[in-house]
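Student: how would this look folded up:
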Amino acid sequence: MISELEKIDLIRARLGVSYKEAREALERAGGDVVQALINLEEQGRNLGERFQARGQEMAVQIKEFLQRGQSYRIKVKKGDRTVYEFPATIGALGLIGALASSEIALLGALGTVAAMANKYTLEFERQEEKPEHERTGWSEGPV
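Tutor: Okay, the predicted model is just below:
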């Protein structure tokens, strides 16, 4: 007869789960090792499917965000003169970088203080959507 510890070790070796997970699965299966393995595999598959679905959903949201951001521009201005202009998505990526790294956040804060001291301003502008023939370089009129 196989001891409970040996059953748990068998489940852990097959699926790479913790002792706690293996013991709980074995208890839910009434001590049946094969049923515990089946239950854990199904649980893992369901979890993997949920992660995959959530990842696909996030990819769609990021793609939509990037597409919307292309229609907006950020302008760095000093008075009426535009010093620098870039798509809003670049600004968003910079913000994400600042959140991920304390060094980038410190540089961003120092740059902001310097810009404010020199009276630079930020202007957000939405670009008008161009007709298809203007985006591709084709004209509709006679050649």
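
Student: Going by C-alpha atoms from here, please, whenever you check contacts or count neighbours.
Tutor: Will do.

Student: Kindly state the domain boundaries assigned to this structure.
Tutor: For the chain, the structural domains run 4-64, 71-127, going by automatic domain parsing.

Student: Compare the mean pLDDT across those and name the weakest.
Tutor: Of all the domains of the chain, the segment with the smallest mean pLDDT is domain 71-127, scoring a mean of 80.

Student: ends of it, how far apart?
Tutor: One end of domain 71-127 to the other measures 5 Å (CA to CA, to the nearest Å).

Student: Same question for stretch 11-22.
Tutor: End-to-end distance for stretch 11-22: 6 Å, by CA to CA.

Student: Now do the buried residues in that stretch.
Tutor: Judged by neighbour count using 16 or more other CA atoms under 10 Å, the buried positions of stretch 11-22 are 11, 12, 22.

Student: Show the residue spans covered by the strands in the protein.
Tutor: Here the chain has its strands, by DSSP state E, at 72-78, 81-87, 120-126.

Student: mind putting those in JSON lines, distance to residue 48 and mean neighbour count included?
Tutor: As requested, these are arranged in JSON lines below (distance: least, CA to CA, whole Å; neighbours: other CA atoms under 10 Å):
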{"stretch": "strand 72-78", "distance to residue 48": "36", "mean neighbour count": "18"}
{"stretch": "strand 81-87", "distance to residue 48": "36", "mean neighbour count": "13"}
{"stretch": "strand 120-126", "distance to residue 48": "40", "mean neighbour count": "14"}
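
Student: Pipe the ones you listed into a markdown table and attach distance to residue 62 per row.
Tutor: Written out in a markdown table, the entries for those read as follows (distance: least, CA to CA, whole Å):
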| stretch | distance to residue 62 |
| --- | --- |
| strand 72-78 | 16 |
| strand 81-87 | 15 |
| strand 120-126 | 19 |
